[in-house]
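Student: Need a 3D model of the sequence below.
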Amino acid sequence: MAMGTGELILWPHLVSKFGLGILWLALIGLALQYFINQEVARHTAATGESFFTSSARLIHYIPLFWIVAAVLLYVWPGWASALGTILARLFGFGSYLIWSWLSLALVLIITFSGRTAYHVLERALKIIVPLFLLLLLIVSYHNLTPGVLLEALKGLVNIGYIPEGIDMNVLLGAIVFAGAGGMLNLATSLWYRDKGLGMAHYVGRITNPITGAPEAVTVTGQDFHITEESLARWRGWMRYVRIDQGLIFFTLGLISLVLLSVNAYVVLTPLGIVPEGTNVAVAQAEIFAAQWGALGEKLYLLMAYLMLFSVMWTVIDALTRIITDIVHTNAREGALREQFRWMNSISIHHLYYGLIVCIVFIQALLLPFNQPLPFLVLSSALGGITMALYTPLLLYLNLFKLPWPLRPGIITICALLAGTLFYAFFAFQSISATIGG
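Tutor: Below is the predicted model of the structure:
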């Protein structure tokens, strides 16, 4: 389940300003990402490889673009800053910077506490996400009426409505980051690989070089041999992916996004409040304090912290994995081997754990500075551009590089083609609005 910028900040901001009628765009964004995630998982289950490794065979120098795009999208510590603001308000003392640094340090402490990086993340999220959902349901039960929920349902099917005056950069960011978005969808292949899905079972996992026994990790994947028995296993793997992505990612993601947006609409719109950035969470907490007292405020702030901490950790892990996978693979094979050969002697395990320390340290250094507006605009546009680029690449890989019985069906093909056009259109609109403005 992917939650964070879109659910807690961008969609509540837009809904508070323009109403519930725009929720259909969130539904489309999540639906398209369901199919993207399914196809990323399909490719990894069939080959044992990440999308980054396979796409480099089609376009030799594209790994450099993936690294630059991932860094531009995820290096800025916006989540850590928001977490620091929330904790300073929750406890009533201390600078937001101190709390932000402590939150970043907590990521490292938890990451290094287990033998396998992915399993530590997975186990922690199995606690954090249900607790967040429980708190969200409690807040919604006391705050929402059947009438406003019906209005939200109407907004989900209000297809085609785009209000005048809406900021296309913010709208694109909200669509792209509804769910995972940007490069996080591609990181799904790395998480499924470490989980050992399908042929990834044979390629090895990233383990903690301090507390875990190192595993051999192959650079390339494994061949899938077509037999009746292997196809039966394949159907089981894809059934697991559809349940994982359909129930946890899409259904719970949509419920969370809608409830957070409707809560913002109910408590902020009547007062004419349209908070910006991380102030969405703090502004809503103030309203809950006025309605429920200190307990309501603390409850909402705790819920917001759990949600944003989970997404910050997920994003840091994803950025680290993307760079690790590309550098480790290209240092050993491919057109970029000469450029990356100086990393050839470093194991993937040391590379991942060393990089995550470096990324957290860089984010800690950037925390005192406000994110530049041009950087923020670039991030939202870049997220749409990367999705418009990798969606057709993913479709091509799965249609023409996988054995026939493993290829996607017509519904998935149409969904990915529609997604390509959808993201390209909104990326173009965002860039045009930026240049024109």
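
Student: only C-alpha atoms for contact and neighbour calcs from this point on.
Tutor: OK.

Student: quick one: secondary structure of I210?
Tutor: Recorded secondary structure, I210: coil (DSSP: H, G, I helix; E, B strand; the rest coil).

Student: roughly how far apart are it and R123?
Tutor: 19 Å (C-alpha to C-alpha, to the nearest Å).

Student: show me where the stretch 151-300 of the chain has helices.
Tutor: 168-176, 184-195, 228-243, 253-268, 279-292, 294-330 (DSSP state H, counting those that start in this stretch).

Student: Now render those helices as CSV, adding mean neighbour count and distance to A69.
Tutor: Listed next are these as CSV, based on neighbours: other C-alpha atoms under 10 Å; distance: least, C-alpha to C-alpha, whole Å:
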stretch, mean neighbour count, distance to A69
helix 168-176, 25, 14
helix 184-195, 24, 11
helix 228-243, 14, 27
helix 253-268, 23, 25
helix 279-292, 19, 27
helix 294-330, 22, 10
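
Student: So, low pLDDT: which residues of the stretch 151-300 of the chain?
Tutor: Within the stretch 151-300 of the chain, the stretches with pLDDT under 70 are 211-213, 274-280, 287-288, 290-291.

Student: Let me have the helices of the stretch 151-300 of the chain in CSV, extended by distance to L133.
Tutor: As requested, the helices of the stretch 151-300 of the chain are arranged in CSV below (distance: least, C-alpha to C-alpha, whole Å):
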stretch, distance to L133
helix 168-176, 21
helix 184-195, 21
helix 228-243, 19
helix 253-268, 7
helix 279-292, 16
helix 294-330, 8
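
Student: Out of these, which is closest to A418?
Tutor: Among those, the nearest to A418 by C-alpha to C-alpha is helix 168-176 (14.3 Å).

Student: Packing partners of that closest one?
Tutor: Where contact means 3 or more C-alpha pairs under 8 Å, 6 or more residues apart in numbering; DSSP states H and E, helix 168-176 is packed against helix 23-47, helix 373-400, helix 410-436.

Student: deepest of those helices, which one?
Tutor: Greatest average neighbour count among the helices and strands packed on helix 168-176 goes to helix 23-47 (a mean of 25), per mean count of other C-alpha atoms under 10 Å.

Student: Let's see the pLDDT reported for S379.
Tutor: S379 carries a pLDDT value of 68.

Student: Spatially central residue in this protein, please.
Tutor: Compute the mean C-alpha point of the chain, and by C-alpha atoms, centre = their mean the closest residue is A180, 2.9 Å away.

Student: what residue ranges in the stretch 1-150 of the chain score low on pLDDT?
Tutor: For the stretch 1-150 of the chain, the ranges with pLDDT under 70 are 1-8.

Student: End to end on stretch 179-188, go ahead and measure it.
Tutor: Using C-alpha to C-alpha, the span of stretch 179-188 from its first residue to its last is 12 Å.

Student: Likewise for stretch 49-63?
Tutor: Terminal residues of stretch 49-63 lie 14 Å apart, using C-alpha to C-alpha.

Student: going forward, begin numbering at 56 instead of 1
Tutor: Taking 56 as the first residue, the last one we looked at is stretch 104-118.

Student: Please compute how far that stretch lies from its chain's middle.
Tutor: In terms of C-alpha atoms, centre = their mean, to the nearest Å, the centre of stretch 104-118 is found 21 Å from the chain centre.

Student: now swap in stretch 128-138 and tell me
Tutor: 13 Å.

Student: List of residues touching that stretch?
Tutor: By C-alpha atoms under 8 Å, 6 or more residues apart in numbering, the residues outside stretch 128-138 that reach it are 60, 151-152, 154-156, 158-159, 237, 333, 360, 363-364, 366-367, 370-371, 374, 414, 417-419, 421-422, 426, 434, 437-438.

Student: Adding distance to V317, write the helices and strands packed on helix 223-231 out as JSON lines.
Tutor: Converted to JSON lines, the helices and strands packed on helix 223-231 look like this (distance: least, C-alpha to C-alpha, whole Å):
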{"stretch": "helix 78-102", "distance to V317": "10"}
{"stretch": "helix 428-455", "distance to V317": "23"}
{"stretch": "helix 465-491", "distance to V317": "24"}
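
Student: I265 and R178: which has the busier surroundings?
Tutor: The neighbour count for I265 versus R178, taken as other C-alpha atoms under 10 Å, is higher for I265 (14 against 10).
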